[in-house]
Structures are given as structure tokens and as C-alpha cells.
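Visitor: next come a sequence and a model predicted from it.
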Amino acid sequence: MLTKEQIAQRIAKEVKTGQYINLGIGIPTLVANYIPKDLDVVLQSENGLLGIGPFPTEDKVDPDLINAGKQTISMVPGSALFNSAESFAMIRGGHVHLTILGAMEVSENGDIANWKIPGKMVKGMGGAMDLVASAENIIVAMQHCSKDGQSKLLTECSLPITGIKCVKKIVSDLAVVEISPEGGFILKERAPGVSVEEIKSKTEGKLIIEGEIPEMTFE
Amino acid sequence: MLTKEQIAQRIAKEVKTGQYINLGIGIPTLVANYIPKDLDVVLQSENGLLGIGPFPTEDKVDPDLINAGKQTISMVPGSALFNSAESFAMIRGGHVHLTILGAMEVSENGDIANWKIPGKMVKGMGGAMDLVASAENIIVAMQHCSKDGQSKLLTECSLPITGIKCVKKIVSDLAVVEISPEGGFILKERAPGVSVEEIKSKTEGKLIIEGEIPEMTFE
Amino acid sequence: MINKTVKNAQEAVADIPSNSMLMMGGFGLCGIPENCIKALLEKEISGLTIVSNNAGVDDFGIGLLLQKRMVKKMISSYVGENAEFERQLLSGELEVDLIPQGTLAERVRAGGAGIPAFFTPAGVGTEVAEGKEVREFEGKLYLMEQWLRADFSIVKAWKGDTAGNLIFRGTARNFNPIMATAGKICIAEVEELVQEGELDPNQVHTPGIFVQRIFQGDNYEKRIEHRTVTK
Amino acid sequence: MINKTVKNAQEAVADIPSNSMLMMGGFGLCGIPENCIKALLEKEISGLTIVSNNAGVDDFGIGLLLQKRMVKKMISSYVGENAEFERQLLSGELEVDLIPQGTLAERVRAGGAGIPAFFTPAGVGTEVAEGKEVREFEGKLYLMEQWLRADFSIVKAWKGDTAGNLIFRGTARNFNPIMATAGKICIAEVEELVQEGELDPNQVHTPGIFVQRIFQGDNYEKRIEHRTVTK
């Protein structure tokens, strides 16, 4: 099983040079740490920045400079600032190439649920609904199962959904799967030491297994 | 009969302090010369400037600074520049209080025609349709009759219209009239030396005459 | 130019009545109008509807207005980090209308720009779409969303001039410029107020036409929600 | 950051084919991409559809492309000041689609912002409304207008950096920033190209995400249509 850091590390391998990327809160934020330095990518923060840099050193902390998770950040050279309408114009207009975000459930047709648990306090969807409805490529970082062992890769989402038919790929603690355009989770890679049988038993939705499934590799 | 300059001078009396104003090409542009200096008003140019100043002196001519008539201009202190979408957001959003523009015809219900003569080369409506559909107060500067003596204040416009039920007031070479919300041109003032009868004979649409009609005064 | 200056926050918010609809700039606690919030707290008003991306934290920002029970309804995209908010919501004292962040931003922008409705893909197939018109354009489904406008919009900028022109700094810009356009009366508080002519017209983010009142605020706390640093 | 620089105008426009749809920034002759227009003139292409507020004058700007019969259709708000344009239009060689200026601006902005349609009051009751949906909101009538997008958008800025960030000057901004957002490929020519990090992120008008190619132009003529001066 992958740690959160390993999930982030594996997702970082999906990043291509020249991409503008929006990273959600949680594991997706960690992805930034594993993107190879020789790739030219730009991280977008939907509160109004292109060019997120590392957390600032103590003397450079600036309350006027935060990311969408409300953490203090820095800017890389060549950054640009803009307002919230312009930010979502970028997202909705398809200018952000890749969105990486967390999920509570994903269905085999690519629906995602990550904003609301009925009966619990609802905090709101933030920018997630805009992001999943807009990005051309959406990769989800998630746990394969809940703490009590229930699969989160489902035939249909049980929770209120955030967007329909939008997820392209999932990196979970057990596997890398792609969503088939015809429906179904196509198993692409196994976490080190995890068997195809285990993944199968922990995937409630349709799992498509074609040929040998390699183990993930980490440099 | 008023000269073009006098029409502009009379319209300038309609301007109130605190207003943001868009002046069309032609006579409306001349209005700026007659706005009393003690009034605080701001002139908007729909190509992207709030704060049009006088034409520049020869040494200050800047090809990057023109008005919507493509004339070189200057900026007053406190100006702001913006793009075309933002400019029409201001106009459409009702932030520009007063629009002064020319017309070929106005109907008694406030329709205006000023962009197209069928059979002639059509140059386009520019920003006129947005302006007349949006401003809360629209004043028209125009000649009362065509060169061959036909009235331009009509029951219905004969030319393709630019906007419906939008004109609030007309200052022509003969008269000041207001458009009645129920329809009809309410005669408010006569040009010096012009009789009510002459105005009546030269107004094809319904002219409403109530009480004594004063002559315009010019300081 | 038209002079928009008022003396201070008290004067700026003096005529805001109970039950009015307010927009407030800010993202989290970043770029919020601290001085106006304090001045509102001194007023005996209630029943406010507030459009703001977030609802502050328990003891800062809009959270202070919630504590004093001045707010009837929040229109926001994300309202976590606030226990008093949660208590009032669960007890039915407070209403909340949750809107996708991009839709919220675009509805506010539309309100300022005279666009009564537009189509967006955000929320298609979700409960956000309930009761809304869905239409297909070029093979993709979109929801029709309507403009948002307010009686007052209250924004915070870095610099401003007496003509109401505003310049923002960093990500404290966020919702401030669009909200400035969508209030019948826009109140702007700035860290530094200068005379007209002192700002470069090329660099103005919010033209003064959108701002009806401006003043220089003081004692900005600029509280940080998550102080994250590189050692 | 992603480096967007190309060598010159020739390289920037090299892959623009016949029959493509282009957007071009500028208002009158102010802020037009002079270098790219010259480079297009050297290419053997035709059948272009050009979205531009105006059509240049006979011997400058888009007028030069018209002279060479490279244009099939203009989508504009105002196309006066051009005798060759008039000749081609009346003879049926050229099509023109006239759109209210604010609607043109908003359709382009919508194209870049992923908004497939919106409602505007401009043109209600006029021939512009023919065939369009009319709907009432809060007692006023509005037309539904759809987004505009292009294969290439070609814009001109004052300063730019290698990451594609742009800053405009004066009223040469006009349609340039919105068109930059609505082309699949946006080509930006600038008077001064600097390294990433040399522009203040607060002052960027067009973030580099919208720009795919950038180069420093030369020999800007910046022709003035109406030179008006105070003696």
C-alpha cells in the first residue's frame, strides 16, 4: 500500500512539461514536491495566482499571498496575479490542462463525489465543481477503501456528486486505474506488493484487467 | 436655429456633477467644451478610458491614446484604462449615467435609428447599440429635419433602429423635447426666434405642447 | 474627477440598514475589509444577507458578524473553519446558499456587467443543477445561472485614490474587484489613500466609476489562517 | 516557467493555414499587431475569417490583408474608413458580420472563459436580434448571444516576458487582452520582451497561460488616424 507521499509521487509522473496545473488540497498539494525540476510547469491557485512557489521562509511570510488552502506561499519568477472571475475564466475556458484533486468516491463512468456527506456539516464545494466540469484531464488522488474497508471505486457514487463523467485517472493507495470511455476502471498498475486479486476484491465497480498488470516503480 | 456648437452648449446644461458620461462622435464630442469647469464629471471612452482630457498639445500626441472616434486625446489626473469587455461591462452594467449621441431618426416612443441606411454602404453600429440599450439617461443631439426638409422626429422610425424606447431627451437645432413615457415628444424649449408653430410643422410625430414654451437661454 | 473620499469606516457604513444585501471581498481572511467589518459591528443592525466566498473564522472577519447574530443568510462557496457558523446553521438561525466558486465569481461579475444570465458547466448533474435550465452547446451540457447584485459591496484594496481607483496586492485581490462592480454602493477601504493623479492609469485594477466611497483604513491585522513556512 | 518565445513574426505565424479563423486585437489602428500582419502578407494563404473590431484603413492594418484578397469574412463592429473593403463587400467578394461592440467584446471574453452563451440587452428590437432567443429578466428584454473562439488570436502588447505575461499601454489595450484568451493559439508581439521575473505580477494584464507564442516586434509605425491637437 502506498503512503500519501507515494501517491503524490506516483501522480507527479503524470505531469508533462508545458502544463498549467491546479492542485487541490491534501495529497494533491504534495504532488508539487515530486515534479521533476527539469519540467516546465506552472501551478495555478484558484484564488488568483499563476506560479505558486514553495512555502516562504519565515522572513518572507506575506499575509497577502496565500494559496486556495489558505496557506502562506511564495511566487516563482514570471508569476501573474488576477481576480477570481479571471481565475475561473482560465479554468472554465480550458486553459488549465491538468487538475489533481482528492475524492471520497469515484464511479466507473468517471463521476466524482468529494464535497458533501449528508447528515454531516456541509462546508461547501469551493472551486471543485468548476474544476471537474472544466479541465481536460482530471486525476484523482484517493484511498481505495474507507477506514471500515468499503470500496470507494463504485458502480455508482452513493454520495452527492461533484461532477459527472470527468475523472480520467485515479491513483489510490493500491492501484493506478484509468476510467474507460465505455465505463469501468481499467487497472494499469499495482502498488508494490499488492495483488490483482486484492485490488479486485476492493473495487466495487467494474474492474477491467487486460494482460499483465505491472507494479508501480518509484525512482 | 441652433448651430452645432449651440446644440452642444445646450446639452451641456443637462450635465450634473458626479456623472460618468459617454459622448458619441460628432456634436456630442463638442459637449465636452461647454461643461462648466466647476462640475466634477468623468468622460468615458468605450475603447478603454475613463477620464478623457482635451486634445493633446503637439508634443504630447501619443498614438497609444485615442478616443472612440480615433482622435488623439489626453488623460486627466485620476484616469483609468481597461479593456473592451470591461468597458462595456461599465456601460451595460449601468455605471455610465449619461450617454449623449447623434441620431438620424427618433420616434415618439423613444426608438432611435442612427446606424444604417439601407442601400448605402453599412459601416456598422460600433458601440451604439450597447450604449442605447444600457444607459439610464440618453440624450440625442440631432438636426430636426433632413436637408430636404423631412422631419426626423417621427411617429415610427423608417430606418433600421439602433435601440427601442431608450431616448429620454432630444436637443435639435429647433427645440428641446422630452420623450413622454406614454409616447410623444413633449416640447420643453424653443430655439431663439423659432416659433412653436414652426416646430409643430417640422415634427412628424406627436408633439405635446403644454403651457408657454420658453426660449432656450445661453450664458 | 469626482471625489469619493469619506472620513472613515463609520461614515462609510453609516446608512447600511438591517436586512440589506452586502457583498464582501476576500478569500479566507486574505483581503477582507477589516475596518468596515469592525464598523458594522458597532451598528445595531441585523438580518443581513452576505455574499462572500467564505465566512471568516470564529473570532475574525465575517465570523464576528455571525457571533453578533447580524447575519440572516450567507451566499458562499466554502464555509468551513467556523464553529459558531455551524451551530447557527444546524439550529436554523442561519441560512446558507452554497455556490461553486467559479459560478459565484461569474455571477457577481455578471451583476456588475449587466449580464442577467449565462451558461456554465459547473454543477451539471449535481444538486446545484436542481431547478435550473440545462442546455447543450457543442455537445456539452451547461447550466443557466443568473447575476448577483447587492445593495452595498464592501471591498479592501492596497492603494486607492480620491477618484476611487483601486490597486490590489498579491492574492488579496481575489473577489474584491468583481464585487466592487456589483453593489449599488461600493465602499472601498485601502491601506494607502493617495490624491487623484498619483496612480498610473495603466495599473489601476478597479476604475473609480465602480467605487462610491473610499477611505484609508488603519490597524490592519491581516490574520493568517495557515502559516506555512520553509525552514 | 514555460518559455513561450519564438524568433520573430514569420516563425509565429508560420503554421497559420488558409481558411482559418483569426482574432486580431486593436481599435482602429491603435494597438494592432503590425509585425504579424506584415508576416501574414508574405504568406500565400487566403479564405481567412478575421474577428477584429475594425478593418484597418486602405493601406494599413487589416486593410493590407484585404488588398491582397486574403480575407473571406470580417466579424467586426465598425468597418468604415476603407474603400477597398467597400468595393469587395459590394461586389460580393467579402462577407461581413456586424456585431455591437460590447456584444463582440463579451462574446470574445465568453469564448476565452468557457461561457457558451449569455444574455445582453444590446440589439433587442433591432435586426441584430433576428433569429436569436429573447428573454425577459426583471422586466427588461435581453438577447442570447453565443461565445466566439478562433484558431489563432494575434495580439500586440507594450511589454511582455518569456513566460507570456503581457502589459498593455494606454488605449492600445482595447480588445487585445480578451482576444488573447479566445484563440486556441495566441500569438503576442510586444514592443519590449523581458525575462521572466522582470514584470511585477501585480501589474500583469494578461497572464502567460493565455499566450502560446511571444516575440519582440520592431519598426512599429503606430499610424494615427485622426491627429487632433490643442494649439
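Guide: Here it is on my side, so go on. Keep in mind that this is a model prediction, so the values were computed, not measured. Numbers count the residues shown, from 1 in each chain, chains lettered A, B, ... in the order given.

Visitor: tell me the contacts of residue 153?
Guide: You didn't say which chain, so I picked chain A. A:105-106, A:108, A:144, A:170, A:172, A:177, A:185, A:202-205, A:207 (Cβ atoms under 8 Å, 6 or more residues apart in numbering or on different chains). From N, CA and C alone the C-beta is placed, and that goes for glycine too.

Visitor: hmm, no, I was thinking of chain C.
Guide: C:Leu22, C:Met23, C:Met24, C:Gly25, C:Met179, C:Ala180, C:Thr181, C:Ala182, C:Gly183, C:Ile185, C:Cys186, C:Ile187.

Visitor: show me what contacts C:Tyr142?
Guide: Contacts of C:Tyr142 (Cβ under 8 Å, 6+ apart): C:Phe119, C:Thr120, C:Pro121, C:Val124, C:Val134, C:Arg135, C:Glu136, D:Pro116, D:Ala117.

Visitor: go again using 7 Å as the cut-off
Guide: C:Phe119, C:Thr120, C:Pro121, C:Val124, C:Arg135, D:Pro116 (Cβ atoms under 7 Å, 6 or more residues apart in numbering or on different chains).

Visitor: within reach of chain A, which of those residues are there?
Guide: C:Thr120, C:Pro121, C:Val124 (Cβ under 7 Å from any Cβ of the partner chain).

Visitor: with adjacent residues omitted, what lies nearest to the second one?
Guide: Same thing as C:Pro121. Sequence neighbours aside, A:Ala133 is the residue nearest to C:Pro121 in space, at 3.9 Å (criterion: Cβ to Cβ, 6 or more residues apart in numbering or on different chains).

Visitor: swap in the last one?
Guide: In space, C:Val124 comes closest to C:Leu141 once its chain neighbours are excluded; the distance is 4.6 Å by Cβ to Cβ, 6+ apart.

Visitor: isn't the one you found up against C:Ala129?
Guide: No - at 8.9 Å, C:Leu141 does not count as touching C:Ala129 under the criterion of Cβ atoms under 7 Å.

Visitor: neighbour count for the two, which is higher?
Guide: Higher neighbour count among C:Leu141 and C:Ala129: C:Ala129, with 18 against 15, using other Cβ atoms under 10 Å in any protein chain shown.

Visitor: OK, contacts around that one?
Guide: Here C:Ala129 is in contact with C:Gly123, C:Leu143 (criterion: Cβ under 7 Å, 6+ apart).

Visitor: how far away is it from A:Ile117?
Guide: When Cβ to Cβ, to the nearest Å is the yardstick, C:Ala129 and A:Ile117 sit 19 Å from each other.

Visitor: over to C:Ile75?
Guide: Distance from C:Ile75 to A:Ile117, by Cβ to Cβ: 22 Å.

Visitor: so which residues of chain A form helices?
Guide: A:4-12, A:27-31, A:84-92, A:128-134, A:196-201 (DSSP state H).

Visitor: per-residue confidence at the residue lying farthest from the centre of chain A?
Guide: Distance from the C-alpha centroid of chain A peaks at A:Asp59, with 31.2 Å (Cα atoms, centre = their mean). Per-residue pLDDT puts A:Asp59 at 96.

Visitor: so who does it touch?
Guide: Applying Cβ under 7 Å, 6+ apart, no residues contact A:Asp59.

Visitor: for C:Leu66, same thing?
Guide: Applying Cβ under 7 Å, 6+ apart, the residues contacting C:Leu66 are C:Ala55, C:Glu84, C:Phe85, C:Gln88.

Visitor: what are the contacting residues of the worst-scoring helix or strand of chain A on mean pLDDT?
Guide: Ranking every helix and strand in chain A by mean pLDDT, DSSP states H and E puts helix A:27-31 at the bottom, with a mean of 94. Applying Cβ under 7 Å, 6+ apart, the set of residues contacting helix A:27-31 from outside is A:Lys4, A:Glu5, A:Ile7, A:Ala8, A:Ile11, A:Ala12, A:Leu23, A:Gly69, A:Ile100, A:Leu101, A:Gly102, A:Ala141.

Visitor: now with 8 Å, please.
Guide: Contacts for helix A:27-31 (Cβ under 8 Å, 6+ apart): A:4-5, A:7-8, A:11-12, A:15, A:23, A:67, A:69, A:100-102, A:141-142.

Visitor: farthest pair in the residues you listed?
Guide: Maximum pairwise distance among those (Cβ to Cβ): 20.7 Å, between A:Asn67 and A:Met142.

Visitor: can you check the pLDDT for C:Arg87?
Guide: 88.

Visitor: pretty sure it sits in a helix.
Guide: Yes - assigned with DSSP: H, G, I helix; E, B strand; the rest coil, C:Arg87 falls within a helix.

Visitor: and it, what does it touch?
Guide: Contacts of C:Arg87 (Cβ under 8 Å, 6+ apart): none.

Visitor: can we see that at 10 Å?
Guide: A:Met121, C:Leu66, C:Glu93, C:Leu94 (Cβ atoms under 10 Å, 6 or more residues apart in numbering or on different chains).

Visitor: give me the neighbour count for the third one.
Guide: Here the number of neighbours of C:Glu93 (other Cβ under 10 Å) works out to 12.

Visitor: need the pLDDT of it.
Guide: pLDDT at C:Glu93 comes out at 93.

Visitor: same deal with the first one?
Guide: On the pLDDT scale, A:Met121 is placed at 79.

Visitor: isn't it right up against C:Phe85?
Guide: Yes - using Cβ atoms under 10 Å, A:Met121 is in contact with C:Phe85, at 9.1 Å.

Visitor: compare the two (neighbour count), which wins?
Guide: C:Phe85 (27 against 14).

Visitor: what's the spacing between that one and chain D?
Guide: 31 Å (Cβ to the nearest Cβ, to the nearest Å).

Visitor: try A:Leu43
Guide: Taking Cβ to the nearest Cβ, one finds A:Leu43 at 11 Å from chain D.

Visitor: for the residue lying closest to that residue once chain neighbours are set aside, give me its contacts.
Guide: Spatially, and ignoring its direct neighbours in sequence, A:Leu43 is nearest to A:Ile52 (4.1 Å; Cβ to Cβ, 6+ apart). Listed by Cβ under 10 Å, 6+ apart, the contact partners of A:Ile52 are A:21-23, A:29, A:32, A:42-45, A:65, A:67-68, A:71, A:73-76, A:79, C:171.

Visitor: neighbours of A:Glu156, how many?
Guide: A:Glu156: 13 surrounding residues under other Cβ under 10 Å.

Visitor: what's the pLDDT at the residue nearest to C:Ile62 when sequence neighbours are not counted?
Guide: Using Cβ to Cβ, 6+ apart and skipping residues adjacent in sequence, the residue nearest C:Ile62 is C:Gly56, 3.7 Å away. Per-residue pLDDT puts C:Gly56 at 93.

Visitor: and C:Gly56, how far is that from A:Asp62?
Guide: Taken as Cβ to Cβ, the span from C:Gly56 to A:Asp62 is 20 Å.

Visitor: please identify which of these two sits among more neighbours.
Guide: C:Gly56 (29 against 18).

Visitor: quick one, phi/psi of the more buried one?
Guide: Dihedral angles phi and psi of C:Gly56 (degrees, to the nearest 10) take the values phi 70, psi -170.

Visitor: for chain C, which helix is longest?
Guide: Under DSSP H, chain C gives helix C:101-113 as its longest helix.

Visitor: can you tell me if whatever helix or strand comes next after that one touches chain D.
Guide: Once the chain leaves helix C:101-113, the next helix or strand it forms, by DSSP states H and E, is strand C:117-120. Yes - shown here: strand C:117-120 in contact with chain D (Cβ under 10 Å from any Cβ of the partner chain) through C:Ala117, C:Phe118, C:Phe119, C:Thr120.
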